[in-house]
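[1] How does the following fold in three dimensions:
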Amino acid sequence: MSEPVIRPYHSSDREQVRRICYLTGYLGDPADWFWRDQESFADMFSGYYTDLEPESALVVEVGGEVSGYLLGCVDSRRAWNPGVVAARHALRRGLAFRPSTARIYWRSITDLVHDLLSGQGTLAPFEDERYPAHLHIDLLPVARGMGVGARLVRRWLEELTAKGVPGCHLETILENTAAVAFFEAVGFRPAGRNLPIPGWRTPDGRRHHSQVMVQDLGRDRGEH
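    Reported below is the predicted structural model:
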């Protein structure tokens, strides 16, 4: 197998990035078992980065084919809220009433009401001026196990440091223990409460929870 190549994102990579987003959308596995609409899923989780902040995106090629990416955002206040994107698709394309997606739409609404009434708190975008940047990283199986993920993260953090960004955060799923361990290995640490994610379930029906992780950069790196 040829050596993986990391390079900046090009506009010609867009469709492959969207495809990877969907193929890795559930804990690194395909999202098609619970969300059978690739267009809306890719819009929610990759659209902002490819369309409005492509300069912060990196891709990895294996054997000449894009097989993974890191999608970054320097100022998270600018990024799209996936929930708003989902609502837009529901209104414009009727996804809340299509058999392939309706279940998770209505389950999300039910979960939001339940969490609010039970006092658990509702999941909201992470905001902390110490960690304004964030990232998403996904790799197809062919790109895993070669240290590519760590290289992507280090390169992104180096770019942020060079720009004087004080810190970076990310959000993953608490139950995805492999992802949590990976991010800890590249310098992130858990932060905040683990709130349930509206609509998201395991195949056997258990709820998933959000895990925010942060890393300090620049001169204050390592100071908590």
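[2] ok, which stretches of this protein are helices?
    Secondary structure of the chain (DSSP state H): helices located at 14-23, 38-42, 48-51, 82-93, 102-118, 148-162, 177-185.
[3] Looking at those, which is nearest to V60?
    helix 148-162 (5.2 Å; CB to CB). Heads up, the C-betas are built off the backbone N, CA and C, glycines and all.
[4] Enumerate every residue touching the residue minimising distance to the centre of the chain.
    The chain has H136 as the residue nearest its centroid, 4.0 Å off, counting by CA atoms, centre = their mean. H136 is in contact with F45, S46, Y49, Y69, L70, L71, G72, L170, counting by CB atoms under 8 Å, 6 or more residues apart in numbering.
[5] The closest residue to the fifth one other than its chain neighbours: how many residues sit nearby?
    With sequence-adjacent residues excluded and distances taken as CB to CB, 6 or more residues apart in numbering, L70 is closest to L152, at 4.2 Å. Burial of L152 is recorded as 24 neighbouring residues (other CB atoms under 10 Å).
[6] I'd like to know how far L152 sits from R206.
    Distance, L152 to R206, by CB to CB, to the nearest Å: 30 Å.
[7] now Q16
    Distance, Q16 to R206, using CB to CB: 32 Å.
[8] Next: L217.
    Separation of L217 from R206 (CB to CB) stands at 35 Å.
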